[in-house]
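[1] quick one, structure for this:
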Amino acid sequence: MTLEILGTAVGIIYLWLEYRASIYLWIAGIIMPAIYIFVYYNAGLYADFGINIYYLLIALYGWFVWKTGFTLTGKRSEAKELEISRTPRNAWRKIIIAYALSQVSIAWLLCNFTDSTVPWPDSFTTALSIVGMWMLARKYIEQWWVWCIVDVASSALYIYKELYFTAALYAVYAIIAIFGYYKWINLMQKEMNHEK
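    You can find the predicted model right below:
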């Protein structure tokens with residue numbers, strides 16, 4: 001329970017930094033999954049355990065992309081840091097395919113190789129988190145809506161698994177995700193006005 005409380009505290013800091021679109025969210029994004037690897041393993045949430053390894057790696061990628069402003073084409077944007085943007089239309093098909101393949105693959109692994117009691121809900125939140133983290137690393141504003149879905153589903157799952165502190169954290173995340181979306185819209189408009 002101590003690790004869960006510590007992870008919750010780091011998660012609140014992470015959320016505050018993400019809300020502000022602060023590059024320092026990636027530091028909390030390294031610490032938090034390092035804690036939750038142990039929490040989820042002990043709770044038998046193996047997909048969530050596995051996703052935290054991905055979170056560690058994507059945090060390093062996110063820090064690099066936000067800091068350097070590199071685009072998907074590998075070219076550096078004119079801005080010093082990556083700017084908030086909308087998800088490109090041509091990226092949505094790839095995002096949906098990545099989500100679907102991830103969900104089916106994770107559920108199959110959980111059903112066949114673990115004693116998970118919640119393989120489909122666990123794989124749902126995990127697969128959606130994979131694409132949500134990638135969208136955050138690209139600084140796409142729609143990542144907030146993905147996280148809202150993940151957070152509501154995760155909160156329900158954690159209540160079922162009796163991880164009440166974590167469930168409360170994800171309930172707060174869901175509410176903040178809505179406010180975060182509008183905060184990022186304002187930040188994006190300020191960035192565009194600053195360029196003019």
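[2] packing partners of the helix or strand harbouring Asp151?
    Asp151 belongs to helix 143-160 when elements are defined using DSSP states H and E. On a contact count with 3 or more C-beta pairs under 8 Å, 6 or more residues apart in numbering; DSSP states H and E, helix 143-160 meets helix 119-137, helix 164-195. Placement of C-beta: from N, CA and C, glycine included.
[3] hey, least reliable of those by pLDDT?
    When the helices and strands packed on helix 143-160 are compared by mean pLDDT, helix 164-195 comes last with a mean of 88.
[4] about what we covered before: next, the angle from the helix holding Asp151 to helix 164-195.
    Computed with axes from the mean of the first three to the mean of the last three C-alpha atoms, to 10 degrees, the direction of helix 143-160 lies at 170 degrees from that of helix 164-195.
[5] measure how helix 143-160 sits relative to helix 119-137, angle-wise.
    Using the same axes, to 10 degrees: helix 143-160 against helix 119-137 is 150 degrees.
[6] which residue comes closest to the most centrally placed residue in the chain once chain neighbours are left out?
    Centroid-nearest residue in the chain: Met133, 3.9 Å away (criterion: C-alpha atoms, centre = their mean). The shortest distance from Met133 to any non-neighbouring residue, by C-beta to C-beta, 6 or more residues apart in numbering, is to Ile58 (4.6 Å).
[7] where's Ile13, which helix or strand?
    Counting by DSSP H and E, Ile13 is found in helix 2-19.
[8] now for the helix or strand just after that helix, which elements pack on it?
    Downstream of helix 2-19, the first helix or strand assigned by DSSP H and E is helix 25-43. The helices and strands touching helix 25-43, judged by 3+ C-beta pairs under 8 Å, 6+ apart, are helix 2-19, helix 46-68.
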